[in-house]
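A predicted structure for the sequence below; I have some questions about it.
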Amino acid sequence: MDFLTPELHRVLKPGRVAAIHVKDRTVPGGINGFGFQTVSPFSDDCVAHFRKHGFAFLARITVATDVVRENAGTYRLGWSEQCKDGTRHGRGLPEYVLLFRKPPTDRSNGYADTPVAKPKPWSFVDAAEQPDKSAPVGPSVRMVPFDRNLRPVPGEGYSRARWQIDAHGVWRSNGDRPLLPDELRALVKGDKKSIYRGWKAWNLAHGYDHALHVEFCEVLDAEGKLPSEFMLAPPHVDHPHVWTDVARMRTLNMLQQRKGREMHLCPLQFDIVDRAIEDFSMPGEVVLDPFGGIMTVPYCALRMGRRAIGVELNPDYFRDGVTYAEAAAAGGAGPTLFDLVEASAEVVEAAE
């Protein structure tokens, strides 16, 4: 990495962003000498490493993961172990998208040499011509390029409303309410997909209540509807830097599995890649991934109208990745949300 990171700094345009997807590492008790599993803060090491090589650290985006799936792979968070001794019980490890910026050539104003500009919305000439602002804009409604003295047109360009949501840093406050309101009580009777979607909608529409969350999951368990393979009712957060709505199974591994090919060890979700590409690049620009794997980043970049470069040492991964990139370049579609409809766990996770 002491060779690669300076090269990344060299080839990145001044003022542009390197988005690094990482997760902290679990260290087995037999290796750390403690007799129980601990966590190595790889994300913190990554921040220190990139700063050492001249990058400025911008932000840490938290991507929520499924603690039940994680335990199935590490056996670190088991329910039975928690019952035996709560002091050795860790917590699920989220993933992070670390944002680093190469300083621009002109440091007097902080703008990139080639800024990633976003168009402002159009404005109504006369807002009264569109009485219902939630309806599609009528053909006779007059619009002009953005004018701060006029009302903005919803759904057009990068709005001030969207900026507020993207930029805010306030956590949701707690709400005091009785356990299992009627809406949640009725939700328990639905299928898994309905339960997942309904819980997410409830969670984001109301103040979070830990006791209610526990009670809801306990009732699901009593009804025989709490899976042991994945988390049906995870905590959802509306903070812009905590992504709890990533569809965990929307990866190129879905196509790998369908074709009987080797599955990638650490698949990268399309949701994460798409957001980073949209935020930090413009159509026609080049997106580079020095650890291409099965080329998820180039695949997404090509589908979004960018050019892409991917590097990968594993020849099998590279061969498969080139196939996917070629399909994307030719306008082919990626895996749909329901490609793994045979497995209810995957369907629930990808349902959004």
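All right, it came through fine.

In terms of secondary structure, what does the helix or strand hosting residue 203 contact?
Using DSSP states H and E, residue 203 maps to helix 192-205. Secondary-structure packing of helix 192-205 (3 or more CB pairs under 8 Å, 6 or more residues apart in numbering; DSSP states H and E): helix 182-187, helix 344-350. Placement of C-beta: from N, CA and C, glycine included.

got the buried residues for it?
The neighbour-count check on helix 192-205 (16 or more other CB atoms under 10 Å) flags 192, 195-196, 198-200, 202-203 as buried.

from these, which is closest to residue 4?
Nearest to residue 4, judged by CB to CB, of these is residue 200 at 38.4 Å.

all strands of the stretch 101-250 of the chain, in order?
123-124, 143-144, 242-243 (DSSP state E, counting those that start in this stretch).

What are the phi and psi values at residue 26?
Dihedral angles of residue 26 (phi, psi; degrees, to the nearest 10) stand at phi -90, psi 130.

Surely it and residue 71 touch.
No: taking CB atoms under 8 Å as the definition, residue 26 is not a contact partner of residue 71, at 10.7 Å.

CA atoms only for stretch 82-95 - export them in CSV, please.
Output of stretch 82-95 as CSV, limited to C-alpha atoms (Å, rounded to 0.1, in the frame of the first residue of the first chain):
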residue,chain,number,x,y,z
GLN,A,82,-24.3,-14.0,25.5
CYS,A,83,-26.5,-16.0,27.9
LYS,A,84,-23.4,-17.7,29.3
ASP,A,85,-21.4,-14.5,29.8
GLY,A,86,-22.4,-11.0,28.6
THR,A,87,-18.9,-9.6,29.2
ARG,A,88,-17.5,-11.3,26.1
HIS,A,89,-20.3,-10.2,23.9
GLY,A,90,-19.2,-7.7,21.2
ARG,A,91,-21.3,-5.9,18.7
GLY,A,92,-21.8,-6.2,15.0
LEU,A,93,-19.3,-4.4,12.8
PRO,A,94,-20.6,-1.9,10.2
GLU,A,95,-18.8,-1.2,7.0
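
Mind checking the pLDDT average for that stretch?
Here stretch 82-95 scores 78 as its mean pLDDT.

mind checking how far that stretch is from the chain centre?
From the chain centre to the centre of stretch 82-95 is a distance of 24 Å (CA atoms, centre = their mean, to the nearest Å).

which parts of it are buried?
Buried residues in stretch 82-95, counted by 16+ other CB under 10 Å: 90, 92-95.

Over to stretch 51-70?
Using 16+ other CB under 10 Å as the test for burial, stretch 51-70 gives 53, 55, 61-70.

May I have that stretch exported as PDB, CA atoms only?
Extracted in PDB, the C-alpha atoms of stretch 51-70 (Å, rounded to 0.1, in the frame of the first residue of the first chain):
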ATOM      1  CA  ARG A  51      -3.300  11.000   5.600                       C
ATOM      2  CA  LYS A  52       0.300   9.900   5.700                       C
ATOM      3  CA  HIS A  53       0.400  10.000   1.900                       C
ATOM      4  CA  GLY A  54      -1.100  13.500   1.500                       C
ATOM      5  CA  PHE A  55      -4.800  12.800   1.400                       C
ATOM      6  CA  ALA A  56      -7.200  15.000   3.400                       C
ATOM      7  CA  PHE A  57      -9.800  13.000   5.400                       C
ATOM      8  CA  LEU A  58     -13.300  14.300   4.600                       C
ATOM      9  CA  ALA A  59     -15.900  11.900   6.200                       C
ATOM     10  CA  ARG A  60     -16.700   8.400   7.400                       C
ATOM     11  CA  ILE A  61     -20.000   7.000   6.100                       C
ATOM     12  CA  THR A  62     -21.400   4.100   8.100                       C
ATOM     13  CA  VAL A  63     -23.100   1.300   6.200                       C
ATOM     14  CA  ALA A  64     -25.200  -0.900   8.600                       C
ATOM     15  CA  THR A  65     -24.700  -4.600   8.200                       C
ATOM     16  CA  ASP A  66     -26.700  -7.700   9.300                       C
ATOM     17  CA  VAL A  67     -25.500  -8.800  12.700                       C
ATOM     18  CA  VAL A  68     -27.200 -12.200  12.300                       C
ATOM     19  CA  ARG A  69     -25.400 -12.900   9.100                       C
ATOM     20  CA  GLU A  70     -22.100 -11.700  10.600                       C
END
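
any idea how far it is from the chain center?
Mean-position distance between stretch 51-70 and its chain equals 11 Å (CA atoms, centre = their mean).

how's this structure carved up into domains?
What automatic domain parsing lists as the domains of the chain is 1-106, 119-124+134-171, 182-236, 245-352.

Highest mean neighbour count out of those?
Mean neighbour count, computed with mean count of other CB atoms under 10 Å, is highest for domain 245-352 among those, reaching a mean of 18.

Which helix or strand contains the residue nearest the centre of the chain?
Nearest to the mean C-alpha position of the chain, by CA atoms, centre = their mean, lies residue 272 at 3.8 Å. Under the criterion of DSSP H and E, residue 272 resides in helix 270-280.

any idea how far the helix or strand following that helix is from the chain center?
On the C-terminal side of helix 270-280, the closest following helix or strand by DSSP H and E is strand 286-289. The chain centre lies 18 Å from the centre of strand 286-289; the measure is CA atoms, centre = their mean.

that older thread, out of the buried residues of helix 192-205, who's nearest residue 15?
Closest approach to residue 15 among the buried residues of helix 192-205 (CB to CB): residue 200, at 36.5 Å.

For that closest one, which non-adjacent residue is spatially closest?
Spatial nearest neighbour of residue 200, excluding adjacent residues (CB to CB, 6 or more residues apart in numbering): residue 236 at 5.2 Å.
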